[in-house]
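**Student:** pasting the sequence and the predicted coordinates here, then a few questions.
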Amino acid sequence: MENQWKTEIDRIRQATGLPIGLHTCAAHAWERERRRFEAEGGEVVRWAADQHAVWYIGIPRDAWPEAARALLPLLLPPPEREMTIQQQAINWLTSFCSGRTEPLPAALEAVWQWREPRAVFLLTRAHADRPLELSQWQQLLADFFPSPSAQHIWLLPLSAVHLLLLVPVTALPETEPAEDDRAMWLDWAFGLHDLLTTETMESVIVCVTEPAAHPRQLPQLLQKCLLLSRALQRFRFREMVAGTWQYPLEQWAASLDDATREAVRRSLDRMGAMTLSPDQAEILDALFAHHLNISETARHLYLHRNTLLYRLDKLKDQTNLDPRQFSDAILLRLAMLFQQNA
């Protein structure tokens, strides 16, 4: 398409002697680029896009006589089919995976039918080098959500690794009654994980967040899921399903830049907190999971309470940090995170 358009533009320029050009921009920046071009007196006469870029033919409006402008559509190749709503959404949301921020395009908002909240799931593939069988995934999800609302389920590939799944809440299968909505979202996330890992034979992390009541909420929810996905891969690599309200300390650590992360690690190392043995790490992990409750931790580890206290005393002597004290426990928890990610 690009080469064909270049050829046609050169032919038109030679035949008319009038200025005309072929331009390109990133797909996520198309709306902003179009507004800029038109504000500077330009007119877009043709455009086409793929997932990554937009090409458009533009002319300076004042330089073209009305009669020549009327003939221009006849000289250009037929217009390409415009992007689908899903493709427009992908182009918009892909920018957030790269750390950029773009407002919801007005053209997309005008046509995006969003009549009810959508559950938001981020699916992270472990092996980006494997080809993505998108049609297979879509068919699996269509079978998994048999509700009439399933036609509004969107699976949006944002990269070779990340796919965003948007599901109308009325299309979600019924689950056992839960004490709160978050438990319900996690139940659905676990169901998705079982389906995808079993049927696609891929290792997939499923992150879930609060439902989106409007498309404008998607960037913030997507950023939460992306941060949680990084935290799980870096610090909780055995966990394959989680909600954005879980693992706040791991998410904080994953949000740090490399220099800050290394500075924290060195600081903990100087305190002697980075010399934990696997057995000590197991004890601390159980202690933190049971909210520093000694009796519950001892039962979980099948240890006598006095044996656990003895081992905690030994750890205190080694690190000068007492895990039974909240402030020291925080430092030890950080040490565990940075030690396993060293």
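**Tutor:** Received it, and whenever you're ready, just let me know what you need.
**Student:** mind listing what's buried in stretch 97-115?
**Tutor:** 97, 102, 104-105, 108, 112 (16 or more other CB atoms under 10 Å). Glycine gets a C-beta too; all of them are placed from N, C-alpha and C.
**Student:** which one of those residues sits closest to E31?
**Tutor:** Proximity to E31 was ranked across these by CB to CB; first place goes to P105, at 4.2 Å.
**Student:** how about the secondary structure of the residue lying closest to the closest one once chain neighbours are set aside?
**Tutor:** Excluding the flanking residues, the one nearest P105 by CB to CB, 6 or more residues apart in numbering is E31, at 4.2 Å. Put simply, E31 is helix when judged by DSSP: H, G, I helix; E, B strand; the rest coil.
**Student:** circling back to that earlier point, which of the buried residues of stretch 97-115 fall in helices?
**Tutor:** 97, 108 (DSSP state H).
**Student:** list the contacts for Q138?
**Tutor:** L155 (CB atoms under 8 Å, 6 or more residues apart in numbering).
**Student:** next, the buried residues of the helix or strand hosting it.
**Tutor:** According to DSSP states H and E, Q138 maps onto helix 134-144. Neighbour-count burial for helix 134-144 flags 137, 140-141, 144 (criterion: 16+ other CB under 10 Å).
**Student:** what does stretch 313-329 give?
**Tutor:** 315-316, 319, 321-323, 328-329.
**Student:** quick check: which of those residues has the minimum pLDDT.
**Tutor:** Lowest pLDDT within those is found at T319 (85).
**Student:** these two touch, right, that residue and D269?
**Tutor:** No - shown here, T319 and D269 do not form a contact pair, counting by CB atoms under 8 Å, at 11.1 Å.
**Student:** that older thread, ok, then the element right after the helix holding Q138?
**Tutor:** strand 154-157.
**Student:** report the mean per-residue pLDDT for that next one.
**Tutor:** 92.
**Student:** can you list the low-confidence ranges for the stretch 1-150 of the chain?
**Tutor:** Low-confidence segments of the stretch 1-150 of the chain (pLDDT under 70): 1-2, 50-52, 77-83, 147-150.
**Student:** which residue ranges of it form helices?
**Tutor:** Secondary structure of the stretch 1-150 of the chain by DSSP state H, counting those that start in this stretch: the helices cover 2-16, 30-39, 66-75, 85-97, 106-111, 134-144.
**Student:** now swap in the stretch 151-300 of the chain and tell me
**Tutor:** Using DSSP H, counting those that start in this stretch, helices in the stretch 151-300 of the chain cover 181-200, 218-235, 248-255, 258-270, 278-289, 294-301.
**Student:** how far is the longest one from where the chain is centred?
**Tutor:** Between the mean C-alpha location of helix 181-200 and the chain-wide mean there is a distance of 17 Å, by CA atoms, centre = their mean, to the nearest Å.
**Student:** and if you look at the second one?
**Tutor:** Centroid separation between helix 218-235 and its chain, computed with CA atoms, centre = their mean, is 6 Å.
**Student:** what residues of that helix count as buried?
**Tutor:** Neighbour-count burial for helix 218-235 [16+ other CB under 10 Å]: 218-219, 221-232, 235.
**Student:** and for that helix, what's in contact with it?
**Tutor:** By CB under 8 Å, 6+ apart, helix 218-235 touches 93, 96-97, 101, 120-122, 124, 162, 164, 166, 205, 207-210, 212, 239-240, 242-244, 246-247, 250-251, 253-255, 337, 340-341.
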